[in-house]
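K.L.:
Sequence first, predicted coordinates after that:
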Amino acid sequence: MEADIAPGEDHSAHASHGGGHGGGGGHMMSMAFHGGTDETVLFEGWKIETEDHMIWSCFGVFCFGLLFELIKSFRGFILRKENFRNRRSRPSRPDILVLQQQQQQQEEDGKVRVATLNSRLIDKIVNRSHITQTLLNVLQFLVGYSLMLIFMTYNVWLCLAVTLGVGCGYFLFGWPHEDSAPPVPDIANGDCCH
C-alpha cells in the first residue's frame, strides 16, 4: 500500500477520518494473543501504559469475574428461595378440589374469568421477586458482555484475569446446595456473557 504513494504527497489527514490503516488514529487492535502493557480497555479513560496499570487492571478484571459468578449464584439462590416458598404455600389436595369447584362456578358466571386471568398475569409479572430477578439479569448481562469485550483485547494478562476471576467465582459461589433442584436453565447455562 505504501508503494502507491507518490513522493511528496501527504496522506496523514486520512487517518483522522477513519481512512488510516488502524481505522481510527493509527492504533491497530491485535487479533492474536499478545502480552505487553499498551491497552485500552472498554473505554478511552481506561488506558494501560505501565506494568503497575496492568497489575491493577488485572486485579479489577479478576474481581469483575468474581462479581459475574456472584450475581449468577445470587439469582439461583433467590429462585430456590422463591420455589421453596411456593411449595410450602401450596394448598393441600382437598383445598385444591374446593378451589377448582369455586373456579368452575365463577367461570360459569363468565364475568370474573377475564379479570381473574388478568390479575394472575399481573401478579406474576409485577412482584418483588420478578423485579429483583430482572434487575439482576440486566446487571449480569452488562458484567458478562464487559468481560467478553475485555477478553477480546486478546491481551494474555487480561484474558488470564477474566478466566481466573470467573473460575474462582464459580469455585466460591457455584457449589451445589443441598436444598436445590437443578437451577433454571437461563441461570445455569448463562455462561456466555449473560
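P.N.:
That came in fine, so what should we check first?

K.L.:
Give me the pLDDT for H27.
P.N.:
At H27, the model reports a pLDDT of 58.

K.L.:
Against M31, how distant is the closest residue to A32 other than its chain neighbours?
P.N.:
Nearest residue to A32, sequence neighbours excluded (CB to CB, 6 or more residues apart in numbering): Y154, at 6.2 Å. Heads up, the C-betas are built off the backbone N, CA and C, glycines and all. Remark: distance between Y154 and M31 (CB to CB, to the nearest Å) = 7 Å.

K.L.:
Who has more neighbours out of these two?
P.N.:
Y154 (14 against 8; other CB atoms under 10 Å).

K.L.:
wait, isn't that one in contact with H34?
P.N.:
Yes. At 6.2 Å, Y154 counts as touching H34 under the criterion of CB atoms under 8 Å.

K.L.:
What part of the protein, helix or strand, is modelled with the least confidence?
P.N.:
helix 185-188 (a mean of 48; mean pLDDT, DSSP states H and E).

K.L.:
What residues of stretch 54-66 count as buried?
P.N.:
M54, S57, C58, V61, F62, F64, G65, L66 (16 or more other CB atoms under 10 Å).

K.L.:
again but with stretch 152-161, I slipped
P.N.:
Buried residues in stretch 152-161 (16+ other CB under 10 Å): T153, N155, W157, L158, C159, A161.

K.L.:
from those, which single one is nearest D38?
P.N.:
Using CB to CB, N155 comes nearest to D38 of those, at 9.1 Å.

K.L.:
Specify the beta-bridge partners of the closest one.
P.N.:
With DSSP bridges applied, N155 shows beta-bridge pairing to H34.

K.L.:
per-residue confidence at it?
P.N.:
N155 is assigned 91 on the pLDDT scale.

K.L.:
Test my guess that it contacts T40.
P.N.:
No. Using CB under 8 Å as the test, N155 is too far from T40 to be in contact (10.4 Å).

K.L.:
Can you give me the neighbour number for the residue nearest to W46 when sequence neighbours are not counted?
P.N.:
Spatially, and ignoring its direct neighbours in sequence, W46 is nearest to T40 (6.7 Å; CB to CB, 6+ apart). Here the number of neighbours of T40 (other CB under 10 Å) works out to 14.

K.L.:
in the sheet, who's paired with T40?
P.N.:
K47.

K.L.:
got the contact list for stretch 59-76?
P.N.:
41, 133, 136-137, 139-140, 143-144, 146-147, 150, 158, 161-170, 172-174, 180, 183-184, 187-188, 190 (CB atoms under 8 Å, 6 or more residues apart in numbering).

K.L.:
Give me the mean pLDDT for that stretch.
P.N.:
Mean predicted lDDT for stretch 59-76 stands at 94.
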